[in-house]
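Trainee: quick one: sequence and predicted model below, then my questions.
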Amino acid sequence: MAEFKILHSWDVTAEEAIKIQNELRGLVKIENLKKEIHYIAGADISFDKGSNIVYAGIIVLKFPELEEVDRSLVITEVNFPYIPGLLSFRESPALIKAWEKIKVEPDVVVIDGQGIAHPRRFGIASHFGVLIDKPTIGCAKSLLVGKYDEPGEKAGSYSYLYDSGEIIGAVLRTRDNVQPVFVSIGHKITLEESIKIILQNVRGFRIPEPTRQAHNLVNALRRGEIKPGEQRKPEQESLF
DNA sequence: GCGACAG
DNA sequence: ATCTTGTCGC
């Protein structure tokens, strides 16, 4: 059972949520990774159209092979609405429930959303990272806040994302001639390491494998193609 | 007051 | 995020 910290209630108003972000932002650590990466995870959420049912999932891949070694799926409900800047209060509760069931703890977690590239420098990747006390990287598909120059057209090129005179992330091209992704520090990592890791996890698609596979997983769960039941992929049969 | 605005 | 067919480009 992977552990996490309970630092506040999730049953809050938007005003209280902002207050919590301002109180917890100081806990985000920007530092070099302490250990080599052997396992990397991806986390994502899928929603039903007009209901408050959410499908959350976390997938753990062996690095650098990127083969699945663990998965955790959860179906629950949400009450907090989507409000730009407060995404964490809508999605984190479900992700925490999925995290509790993880057996193979990853060395870093990639989250679909911003890290410190946030108005209060506390996007979902940072918030979740502080709660599980693990290195996290924010990898979003679009901009929340900041300004940047368009990065080069080639895969691997990037430009920095600025806000109030500070670098808050990077705008990274993961494939030639495709829309870039927005990478930012979540927790316990540096921006340089975050960019490098995201690139090492790209396998021909714009979205890096951890979040891409997590996204596929929660969508399959929502469509009823798979069940939350069997948490882990079947063990390999022993050869003798 | 007018835009911008992760998923 | 989700609703959706065909279509443009590599």
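Mentor: Received it, and whenever you're ready, just let me know what you need. Residues are numbered from 1 along each chain as shown, chains lettered A, B, ... in the order given.
Trainee: and A:Gly146, what does it touch?
Mentor: Contact analysis of A:Gly146 by Cβ atoms under 8 Å, 6 or more residues apart in numbering lists A:117, A:161-163, A:168-169. C-betas here are computed from N, CA, C, even on glycine.
Trainee: just name the closest of those residues to DNA strand C, please.
Mentor: Nearest to DNA strand C, judged by Cβ to the nearest atom of the strand, of these is A:Ala117 at 16.0 Å.
Trainee: hmm, A:Ser164 and that closest one touching each other?
Mentor: No. With contact defined as Cβ atoms under 8 Å, A:Ala117 does not reach A:Ser164; the gap is 11.8 Å.
Trainee: of the two, who's got more company?
Mentor: Neighbour comparison, A:Ala117 and A:Ser164: the larger count goes to A:Ala117, with 29 against 9 (by other Cβ atoms under 10 Å).
Trainee: from A:Leu131, how far out is the spatially most central residue of chain A?
Mentor: Nearest to the geometric centre of chain A sits A:Ile111, at 0.6 Å (Cα atoms, centre = their mean). Counting by Cβ to Cβ, to the nearest Å, the gap from A:Ile111 to A:Leu131 is 11 Å.
Trainee: try A:Ser51
Mentor: Using Cβ to Cβ, A:Ser51 is found at 26 Å from A:Leu131.
Trainee: more neighbours, those two?
Mentor: Between A:Ser51 and A:Leu131, counted using other Cβ under 10 Å, the more crowded position is A:Leu131 (23 against 9).
Trainee: and that one, that one's in a helix?
Mentor: Yes. A:Leu131: assigned to a helix according to DSSP: H, G, I helix; E, B strand; the rest coil.
Trainee: need the pLDDT of it.
Mentor: The confidence metric pLDDT takes the value 98 at A:Leu131.
Trainee: for the residue lying closest to it once chain neighbours are set aside, give me the pLDDT.
Mentor: Among residues not flanking A:Leu131 along the chain, A:Phe4 sits closest, at 5.0 Å (Cβ to Cβ, 6 or more residues apart in numbering). On pLDDT, A:Phe4 comes in at 94.
Trainee: ok, now which ones touch A:Phe4?
Mentor: The contact partners of A:Phe4, by Cβ under 8 Å, 6+ apart, come to A:96, A:99-100, A:131-133.
Trainee: now swap in A:Leu87 and tell me
Mentor: Neighbours of A:Leu87 in contact, by Cβ under 8 Å, 6+ apart: A:113, A:123-124.
Trainee: separation between it and DNA strand B?
Mentor: The spacing between A:Leu87 and DNA strand B, counted by Cβ to the nearest atom of the strand, to the nearest Å, is 3 Å.
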